[in-house]
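Trainee: below are the sequence and a predicted model for it; my questions follow.
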Amino acid sequence: MGHTKHNPIVRALFNDDDIVLSAVKDLRANGYNVSEVYSPFPIHGLDEAMGLKRTRLSTAAFFYGLTGLFFAAWMTYYTMILDWPQNIGGKPNATWFLNMPAFIPVVFELTVFFAAHLMCWSYFAVNGLYPGAKAQNPDPRTTDDHFLMEVELEGEEDDLNAKLQELGALEISKIEA
Amino acid sequence: MHYESPVRNPLILGDKSYSDITNDIAKPVESKAPRSWWIAFSIAFVMFLWGVGCILYTIGTGIGVWGLNKTVDWAWDITNFVWWVGIGHAGTLISAVLLLFRQKWRMAINRSAEAMTIFSVIQAGLFPLIHMGRIWMAYWVMPIPNQYGSLWVNFNSPLLWDVFAISTYLTVSTVFWYVGLIPDFAMIRDRAINPVQKHIYKILSFGWGGQAKHWQRFEEVSLVLAGLATPLVLSVHTIVSFDFATSVIPGWHTTIFPPYFVAGAIFSGFAMVQTLLLIVRKIFKMEDYINIEHIEMMNIVIMVTGSIVGVAYITELVIAWYSGVEYEQYAFLNRATGPYWWAYWSMMTCNVFSPQFMWSKKLRTNLVFTFVISIVVNIGMWFERFVIIVTSIHRDYLPSSWSMFSPTFVDIGIYIGTIGFFFVLFLLYARTFPVIAQAELKTILKSSGENFKKHHNEHGAH
């Protein structure tokens, strides 16, 4: 992520989430950069251990919701107050604010609609997920019960291999970046 | 880190590993359908076709083919609509509200409960559409610029609020469901041998790879969607109840409707989840994942919401008396003792009395009893909507126009058709989708799996 120099990558396969988590912590403490972990389920604390930043999707969702709220307010104002005001059940409609209590359900629903859908679209976009996309995990076992770690190789390859072996890796392979 | 109090019962039974979970959940998708599935599917499909015929007849001829008359101008269609929307509430409640409350038992049932939600909201949506009479003008409910002025939809009307509420609910539940399904589709994709199957699941899984950053976003998105879906689910049935509560009909014009409808929706939805899951766990041998602990939890929810509904019924009676309005008083007296007394007392028996058996631990952990009660509750909730709708309008202010409602074969056919359609969708889902959220379930294996708990209790904390 954002690295200019391209180190070769060493891949190590594990079969337990606790072992992966402690391995990540150990490697990072020893100055290695764990660039990726593919896992079949979310591992709690892994993002922190890898030094990942918090996702900003929830902040985005807040602003998407706000967009929905203002859109709904504008739409009800334009259609019911400005363009063609009508007397409906004697409800006051001289201003949008007077008529607003009747609009709350629609404003609420559109707020949720915008927040939820736009957040999901953003989620698909930032993850590169779309129908028919090529599987992003290099090893198909990582959606079952295996965990694949990618470590940037710095220093001696044998040292890293020995370290990974010691941490419980089942298979180790190297790919050139 | 994976510690959980020994007081809590295990949620995953047997000596399971991560791989066992994968195999067990992929099995129904990868194996041939059992005979019982084909039988159930055929029956549902015939019911569905009968419903399609009745709907086409209605559209071709007009809604005069229903049993409606001048006095009872809303009957089975709206009853069925509210019934289906209500059933549709349990899925989101389980996946969203229980996620916010960190209830781990939701993980084995949320996928199917949410599938049920989506399928039942589809059935619900059919009724207002065909009740329009001229279904080809259905787009008129959307605020689309037009050549009449522009003449806009009426945002003051609860019926229009319903359009927005139901469509938001349907689409948001669908994306919530789908976001959770993606990692599980990827699991099936990665183990598929048949190339056609592999290709289909490749398309469905959107290329999911399970990177650390993606899981972090996945969890954030799930949490925010749960936060959005919680008020949404409460708003949907609230707005459905506004269809009645904002009118001036005695028996409908009550402020208790929103909470009362929401409680009833959860009640009927959990009953339907119970009915479906008792069958699914049996046919697909998921007893280790959907075990007696889950059944008992859902029965407790049914008992509590059933009691809330009971309190609401009694409150309505008391308030009708206390209001001093004779029309209001007559509406309720007529419900309980008038010509529709049998519908009222069916409702009372099914919804208020029958869930009280669940106070007994022995009964609420009995599978056969649970199954029977879950069906009784759904019958009761259908009667509840029928009682609210038909008994409030069949005797209006003018005794000369009093009448009764009798459904025609078309009314009955459309209702049966939606039940068939619902089961067609659910049965197809059960054969092609991972019916349990396996990725989520794997996260609790070490804390709530039977063998891990046992090991932990024997060897102590470390």
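Mentor: Yep, it's here.
Trainee: surely A:Lys134 meets B:Trp208?
Mentor: No: with contact defined as Cβ atoms under 8 Å, A:Lys134 and B:Trp208 do not form a contacting pair (10.8 Å). Where you see a C-beta, it was placed from the backbone N, CA and C, and this is true even at glycine.
Trainee: could you check which of these two has the larger neighbour count?
Mentor: B:Trp208 (27 against 8; other Cβ atoms under 10 Å in any protein chain shown).
Trainee: helix or strand for the spatially closest residue to that one that is not a sequence neighbour, just tell me which one.
Mentor: Using Cβ to Cβ, 6 or more residues apart in numbering or on different chains and skipping the chain neighbours, the partner closest in space to B:Trp208 is B:Ala186 (3.9 Å). Element membership of B:Ala186, judged by DSSP states H and E, is helix B:158-191.
Trainee: and the lowest-mean-pLDDT helix or strand in chain B, what other elements does it pack with?
Mentor: Using mean pLDDT, DSSP states H and E, the weakest-scoring helix or strand in chain B turns out to be helix B:450-459, at a mean of 75. Applying 3 or more Cβ pairs under 8 Å, 6 or more residues apart in numbering or on different chains; DSSP states H and E, we find helix B:450-459 packed against helix B:445-448.
Trainee: any low-confidence regions in chain B?
Mentor: B:1-4, B:460-462 (pLDDT under 70).
Trainee: now do 50
Mentor: B:1, B:462 (pLDDT under 50).
Trainee: same check on chain A?
Mentor: The low-confidence ranges in chain A, as defined by pLDDT under 50, are A:1-2.
Trainee: the residue nearest to B:Ile63 when sequence neighbours are not counted: neighbouring residues, count only.
Mentor: Of all residues not flanking B:Ile63 in the chain, B:Gly133 sits nearest, at 5.3 Å (Cβ to Cβ, 6+ apart). Using other Cβ under 10 Å, B:Gly133 is surrounded by 11 other residues.
Trainee: next, B:Gly133: phi, psi?
Mentor: Phi and psi for B:Gly133, reported as degrees, to the nearest 10, are phi 80, psi -60.
Trainee: how much space between it and chain A?
Mentor: With distances taken as Cβ to the nearest Cβ, to the nearest Å, B:Gly133 is found 22 Å from chain A.
Trainee: for B:Ala44, see how far away that residue is.
Mentor: 28 Å (Cβ to Cβ, to the nearest Å).
Trainee: what about residue 39, how many residues nearby?
Mentor: Defaulting to chain A. Applying other Cβ under 10 Å, I find that A:Ser39 has 28 neighbouring residues.
Trainee: that answer is for a different chain, and I need it for chain B
Mentor: 10.
Trainee: surely it is in a helix?
Mentor: Yes: under DSSP: H, G, I helix; E, B strand; the rest coil, B:Ile39 sits within a helix.
Trainee: give the contact list for it.
Mentor: For B:Ile39, the contact set (Cβ atoms under 8 Å, 6 or more residues apart in numbering or on different chains) is empty.
Trainee: re earlier: I'd assumed A:Ala135 was in contact with the residue nearest to B:Trp208.
Mentor: Yes: B:Ala186 lies in contact with A:Ala135 (Cβ under 8 Å); the separation is 7.0 Å.
Trainee: list residues touching both of these two?
Mentor: B:205, B:207-209.
Trainee: how is chain A divided into domains?
Mentor: A:9-40+A:144-175, A:57-127 (automatic domain parsing).
Trainee: those helices in the stretch 1-150 of chain B, which residues are they?
Mentor: B:18-30, B:35-61, B:76-87, B:89-92, B:98-100, B:110-131 (DSSP state H, counting those that start in this stretch).
Trainee: closest to B:Tyr201 out of the ones you listed?
Mentor: helix B:18-30 (8.7 Å; Cβ to Cβ).
Trainee: can you list the residues that contact that closest one?
Mentor: Contacts for helix B:18-30 (Cβ under 8 Å, 6+ apart): A:40, A:143-145, B:12, B:14, B:16, B:184, B:187-188, B:191-192, B:197, B:284-286, B:288-289, B:430-436, B:438, B:441-442, B:445.
Trainee: got a quick PyMOL command for the buried subset of those?
Mentor: Applying 16 or more other Cβ atoms under 10 Å in any protein chain shown to the contacts of helix B:18-30, the buried members can be selected in PyMOL as follows:
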select buried, (chain A and resi 40+143+144+145) or (chain B and resi 12+16+184+187+188+191+192+197+284+286+288+289+430+431+433+434+435+436+438+441+442+445)
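Trainee: single out the most deeply packed of the helices of the stretch 1-150 of chain B.
Mentor: helix B:89-92 (a mean of 30; mean count of other Cβ atoms under 10 Å in any protein chain shown).
Trainee: and that helix, what does it pack onto?
Mentor: Right, helix B:89-92 is packed against helix B:110-131, helix B:158-191, helix B:212-245, helix B:257-283 by 3+ Cβ pairs under 8 Å, 6+ apart.
Trainee: buried ones in the third one, by neighbour count?
Mentor: Pointing back at helix B:212-245 there. For helix B:212-245, by 16+ other Cβ under 10 Å, it's B:212-222, B:224-230, B:232-245.
Trainee: keep only these that also lie close to chain A.
Mentor: B:212-221, B:224-225, B:228-229, B:232, B:235, B:239, B:242 (Cβ under 8 Å from any Cβ of the partner chain).
Trainee: do you know how far A:Pro138 is from B:Ser374?
Mentor: Relative to B:Ser374, and taking Cβ to Cβ, A:Pro138 is found at 46 Å.
Trainee: B:Ala186 and A:Ala135 - which one has more neighbours?
Mentor: B:Ala186 (28 against 21).
Trainee: give me every residue that touches the more buried one.
Mentor: So, once contact is read as Cβ under 8 Å, 6+ apart, B:Ala186 ends up touching A:135, A:137, A:143, B:201, B:205, B:207-210.
Trainee: with A:Phe71 instead?
Mentor: Taking Cβ under 8 Å, 6+ apart, one finds A:110, A:114 in contact with A:Phe71.
Trainee: for it, give its distance to chain B.
Mentor: 11 Å.
Trainee: export only the CA atoms of the helix or strand hosting that residue, formatted as PDB.
Mentor: Taking DSSP H and E as the definition, A:Phe71 sits inside helix A:57-76. Presented in PDB, the C-alpha positions along helix A:57-76 are these (Å, rounded to 0.1, in the frame of the first residue of the first chain):
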ATOM      1  CA  LEU A  57     -16.900   4.100   5.200                       C
ATOM      2  CA  SER A  58     -19.100   5.000   8.200                       C
ATOM      3  CA  THR A  59     -18.200   8.700   7.800                       C
ATOM      4  CA  ALA A  60     -19.100   8.400   4.200                       C
ATOM      5  CA  ALA A  61     -22.400   6.800   5.100                       C
ATOM      6  CA  PHE A  62     -23.200   9.800   7.400                       C
ATOM      7  CA  PHE A  63     -22.700  12.200   4.500                       C
ATOM      8  CA  TYR A  64     -24.700  10.000   2.100                       C
ATOM      9  CA  GLY A  65     -27.500  10.000   4.600                       C
ATOM     10  CA  LEU A  66     -27.300  13.800   4.900                       C
ATOM     11  CA  THR A  67     -27.600  14.000   1.100                       C
ATOM     12  CA  GLY A  68     -30.700  11.900   1.200                       C
ATOM     13  CA  LEU A  69     -32.200  14.000   3.900                       C
ATOM     14  CA  PHE A  70     -31.600  17.200   2.000                       C
ATOM     15  CA  PHE A  71     -32.800  15.700  -1.300                       C
ATOM     16  CA  ALA A  72     -36.100  14.500   0.400                       C
ATOM     17  CA  ALA A  73     -36.500  18.000   2.000                       C
ATOM     18  CA  TRP A  74     -36.000  19.700  -1.400                       C
ATOM     19  CA  MET A  75     -38.300  17.200  -3.200                       C
ATOM     20  CA  THR A  76     -41.200  17.600  -0.700                       C
END
